[in-house]
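> Predicted structure and sequence below. I'll ask about it afterward.
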Amino acid sequence: MTEKKLNMRQSVLWNSFGSYFYYFCQWLMTVLVVRISGIDDAGTLALAISACNVWQSVALYGMHNYQASDEDDRYSNGVYLASRVVTCAAALVGCVVYIILLSYTWKQDLTIVLFLLLRFSEAVEDVYYAAFQKVWRVDIAGKSMTIRGLLSLILFVLVLRSSRSLALTIGVCAAACMIVVLLYDRRHAVKMLGIRISFDREQVLSLLKECLPLAIYLLLANFIAMAPRLFMESILGNYKLGIYGSIATPTAVIQMLSTYAFNPFVTLFAEEYHHKDKKGFIRSFFKCIGILLLISVLAVAACAVAGKWALNLLFGSEIAEHSELLIPLVIASCLIAFATLLCSVHTAIRSFRIVLFSNIVAVILSVVLSLLFEKKFDMQGANYAIIIATLVNIFILSSGLFVCVKKRFSDEP
């Protein structure tokens with residue numbers, strides 16, 4: 001166990017670096033596209049990112065934590081890989097139908113589809129990532145993300161500068177990232193774990209059916225923060241939505257940092273819960289809480305000291321004038337990170353009903369409060385809606401976890 005924990009510490013360092021570096025490279029692309037190709041292409045890229053968020057959720061199917069915590073190996077890694085082919089195919093079909101129904105230009109349509117293919121490289125790698133996580137080798141995933149982040153950033157700049165075609169640039173990046181996944185992640189997975197894709201129809205359908213609540217949860221969780229923005233356009237107008245969306249973009253880093261920090265613990269939660277290691281389970285849980293609290297305190301402090309300056313540097317004075325939105329947005333992001341941790345723990349211990357119920361309640365609250373608060377408190381109303389909805393979500397998830405843990409670790413045989 002000591003060796004496993006040592007490996008875990010080393011792996012988590014690599015994984016954290018790779019995850020943060022990859023996300024930074026992805027974010028930097030959204031900044032560089034303005035400098036290289038102009039505002040129109042920046043808008044097209046923003047549209048592609050937004051449009052693909054839902055379809056990426058379909059491709060991922062909320063399955064990572066389930067696979068990483070599959071303590072009894074109910075499904076083989078090959079079955080998980082086959083199911084990812086199915087979910088990616090479903091996401092692609094859904095995306096094509098989506099762009100056909102909406103009146104985008106052909107360039108926008110092409111960019112959206114190619115950007116989804118870029119996301120598919122992440123979805124396929126996610127299966128290998130979860131497999132590596134089960135054997136405490138998430139360093140491999142971290143190195144893969146480092147390679148893909150650097151390669152995609154370099155290609156993005158070179159191809160966009162030379163071709164002035166955003167669609168071609170995204171297509172090249174998508175191809176390069178998938179090649180890295182196949183040559184690096186897949187090679188390690190085959191060598192270490194003997195992973196081969198397994199299209200066992202019965203097993204794949206069983207897995208998809210069992211993880212359906214998690215797929216629904218992932219869509220619901222995204223909608224809690226998305227609902228206020230959807231209503232803002234009609235209530236407050238596109239201009240204010242643009243301001244709010246710009247300020248909200250950097251705060252997403254908090255959720256990414258938090259998620260990548262506690263993701264490797266999901267396997268540990270499953271092991272400790274399965275073996276009734278109460279002290280270990282509680283220790284791991286509060287270690288994650290401590291990490292999230294540290295990230296939250298540092299984020300709020302940084303925004304209080306340099307938030308307006310950073311907004312002015314990134315977006316200009318017009319956006320920076322609304323810096324009062326930043327700290328509430330940071331608080332909302334921190335709370336969402338806490339809720340995500342609780343959902344991950346519930347996934348590890350297989351209490352899906354609580355996850356679904358809590359997120360359904362949170363979505364309803366987010367919708368109702370957005371309609372009420374945005375009319376009364378303007379853009380700040382969106383923050384209030386997210387914060388209250390997420391606090392209720394956390395309360396339900398925490399209460400459910402308390403009951404599950406008390407029942408599992410009772411002294412009764």
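That came through, no problem.
> Below-threshold pLDDT in the stretch 301-413 of the chain: ranges please.
Residues of the stretch 301-413 of the chain meeting the criterion pLDDT under 70: 411-413.
> please redo it, this time with the cut-off set to 90
Across the stretch 301-413 of the chain, the ranges flagged by pLDDT under 90 are 307-308, 310-323, 344, 347-352, 375, 379, 405-413.
> all helices for it, in order.
With DSSP state H, counting those that start in this stretch as the criterion, the stretch 301-413 of the chain has helices at 317-320, 326-348, 352-377, 380-408.
> What sits closest to the residue nearest the centre of the chain if chain neighbours are left out?
Closest residue to the average C-alpha location of the chain: M256 at 6.6 Å, with CA atoms, centre = their mean. If the residues on either side of it in the chain are set aside, M256 comes closest to Y23, at 5.0 Å by CB to CB, 6 or more residues apart in numbering. Heads up, the C-betas are built off the backbone N, CA and C, glycines and all.
> tell me the contacts of the one you found?
149, 253, 256, 260 (CB atoms under 8 Å, 6 or more residues apart in numbering).
> same question, C288
Applying CB under 8 Å, 6+ apart, we find C288 in contact with 261-262, 265, 341.
> one more time with 10 Å
258, 261-266, 268-269, 338, 341-342, 344-345 (CB atoms under 10 Å, 6 or more residues apart in numbering).
> How about M29?
For M29, the contact set (CB under 10 Å, 6+ apart) comprises 36, 45, 49, 149, 152-153, 156-157, 160, 169-170, 173.
> Take the residues you listed and write them to CSV, including distance to G381 and secondary structure.
Listed next are these as CSV, based on distance: CB to CB, whole Å; DSSP: H, G, I helix; E, B strand; the rest coil:
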residue, distance to G381, secondary structure
I36, 36, helix
L45, 28, helix
I49, 25, helix
G149, 36, helix
S152, 37, helix
L153, 37, helix
F156, 36, helix
V157, 39, helix
L160, 38, helix
T169, 38, helix
I170, 35, helix
C173, 37, helix
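> Closest to K191 out of those residues?
Nearest to K191 among the contacts of M29, counting by CB to CB, is G149 at 23.3 Å.
> what's the burial count for that closest one?
22 (other CB atoms under 10 Å).
> S16 too?
Look at S16: counted by other CB under 10 Å, it has 17 neighbours.
> Could you find the closest non-adjacent residue to it?
Leaving out its chain neighbours, the residue that sits closest to S16 by CB to CB, 6+ apart is Y260, at 5.9 Å.
> Helix or strand next in line after the helix or strand harbouring that neighbour, which one?
Using DSSP states H and E, Y260 falls within helix 238-262. Next helix or strand after helix 238-262 toward the C-terminus (DSSP H and E): helix 265-274.
> still on that earlier bit, packed most tightly, which of the helices of the stretch 301-413 of the chain would that be?
For those, the largest average neighbour count (mean count of other CB atoms under 10 Å) is found in helix 326-348, namely a mean of 23.
> Return the residues in contact with H64.
80, 123, 126-127, 129-130, 133, 214, 218, 263, 266, 344, 347.
> repeat for H322
240, 243-244, 246-247, 308, 311, 315, 378-380.
> Any regions of the stretch 101-250 of the chain where pLDDT drops low?
Ranges of the stretch 101-250 of the chain meeting pLDDT under 90: 101-109, 130, 132-139, 141-142, 164, 192-201, 211, 213-250.
> which one among the contacts of M29 gets closest to I327?
I49 (24.6 Å).
> which residues of the stretch 1-150 of the chain fall in helices?
2-37, 39-60, 64-68, 77-101, 106-134, 138-163.
> Make TSV from the ones you listed and add distance to R283 to it.
Below are the helices of the stretch 1-150 of the chain laid out as TSV (distance: least, CB to CB, whole Å):
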stretch	distance to R283
helix 2-37	12
helix 39-60	29
helix 64-68	19
helix 77-101	29
helix 106-134	19
helix 138-163	20
